[in-house]
Structure formats: C-alpha cells, structure tokens
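>>> what follows is a predicted structure for the sequence shown.
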Amino acid sequence: MTGILTTANQEYVGTYGLQIKNELKSYYNGQDPAYKCMAFDVAMLIINGLKYAVDKGDDYEDAAIINKAIRLAYFTGCSGVVSIDSASNNRNGLAISIFNIQLNTTGVYKNGIPPYIEPQVGLYNPASSTAMEITATIIYPGNTTKTPTDTRPKPDCPFEDSERQTSHSGEALLFAICFALCVVTLVITAFIWNK
C-alpha cells in the first residue's frame, strides 16, 4: 500500500471554514471533525434552496423548484465557495486534497498489520492561480521518490468547461454517415437475400 495516492475534498477552507471546524471540535470534545465539512455544506445548500423558494413564494415541496434554486445557489461554505455548475450538476471550483499512503516506521504493528500514515502531499484547486500544488515529497510504490516511468500526465486541455458546446454540424454529419451506412447495409442485405 505504500506509495498509493488518494484524494479527498479539501475541507475547512478560509476563515469561515476554520470557524466551523473549531465549533465542530467543541461539539466532539476536541476530536478532528473529519468529513463533516461536506455534510455541513450540503445541508446549507439545501437550506439556501428552500429559503430561496420560500422567499420567492414558490412551492417549497416541489422538487423541480428546489432543484432549480439549489443550482442557483452561491454562498461561502466551510469548504470554500459553494456553487453548482448548471451544465454538469458538479460543484464549481472544489479544492481536492492529495494524500500519500506511507509506512510509519516508528509506529506499532497491530495484529500483524503495519502502521500507515496518510499525510497530505498536494492540493488541486481549480479556483487558485496555481491549480496544482505539491506541498510535500511523494513516496511512490517501491519506497522511492522518483516518479515512475509508466506515469502518464494528463495533457492540458485548451478549453474551459464553460466553452463546451454541441456541434450541430458534427451531429448532422454523423447522422448522414449513419443513415448512409444503414442504406448500404439494407441494399446489400436485400441483394444477398434475393440470391
């Protein structure tokens, strides 16, 4: 398992995020409130959607109205700015923490299982001026810091998500080619069938 990279949503971003983290720590006797930040933001997203519908005088029990209100939401949550991309229903600009599973050489084995640690080694934040930031040394499988030769980095795409669009001329061309292939297939089948 040593050297595996894992990811998780970046939690407790900014001043408001740290404030929420400290409040949650007080509720959990000082324990780290891991994974509660996203639940908090989801709850706030739903609350904001309901509030928007009620303020407008809309039916707050109509799922379509609430869904539309949620897609229009834009607020600061504990994981940063919360907004939904209307084209994909994904969250806009969500920061992702990158973790590296490493063997803890000073840890104690429990039931024959070696102790592992999972330090954060990087951060991917599309809303930042530096989208990918490596903050610590990555230990790869084989206990090496050298990047494996079979790693293929994703090439940079020159288009933003907002620039995606349907090519109507491409769809028409595809339809014409498929129609032509169907006609050719029918003619050949009819010719073979008549023999």
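That came in fine, so what should we check first?

>>> show the pLDDT at the residue nearest the centre of the chain.
Geometric centre of the chain, nearest residue: Leu94, 6.7 Å, by Cα atoms, centre = their mean. Note on Leu94: pLDDT of 87.

>>> skipping adjacent residues, who's closest to Ile20 in space?
Cys78 (3.9 Å; Cβ to Cβ, 6 or more residues apart in numbering). Yep, even glycine has a C-beta here, placed from its N, CA and C like the rest.

>>> cool, and Thr137?
Nearest one to Thr137, counting by Cβ to Cβ, 6+ apart, is Thr145 at 5.6 Å.

>>> ranges for the strands of this protein?
Secondary structure of the chain by DSSP state E: the strands cover 5-9, 74-77, 80-83, 96-100, 102-103, 116-117, 120-124, 132-134.

>>> can I get these in JSON lines with mean neighbour count?
JSON lines is the format used below for the strands of the chain (neighbours: other Cβ atoms under 10 Å):
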{"stretch": "strand 5-9", "mean neighbour count": "13"}
{"stretch": "strand 74-77", "mean neighbour count": "16"}
{"stretch": "strand 80-83", "mean neighbour count": "19"}
{"stretch": "strand 96-100", "mean neighbour count": "18"}
{"stretch": "strand 102-103", "mean neighbour count": "16"}
{"stretch": "strand 116-117", "mean neighbour count": "13"}
{"stretch": "strand 120-124", "mean neighbour count": "16"}
{"stretch": "strand 132-134", "mean neighbour count": "11"}
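
>>> any chance of those in TSV, with distance to Tyr16 too?
Output for the strands of the chain, formatted as TSV (distance: least, Cβ to Cβ, whole Å):
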stretch	distance to Tyr16
strand 5-9	16
strand 74-77	5
strand 80-83	9
strand 96-100	18
strand 102-103	32
strand 116-117	29
strand 120-124	18
strand 132-134	21
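
>>> those: which one's closest to Ile188?
strand 5-9 (50.9 Å; Cβ to Cβ).

>>> let me see the contact set for the residue nearest to Ile20.
11-13, 16-17, 20-21, 37, 40-41 (Cβ atoms under 8 Å, 6 or more residues apart in numbering).
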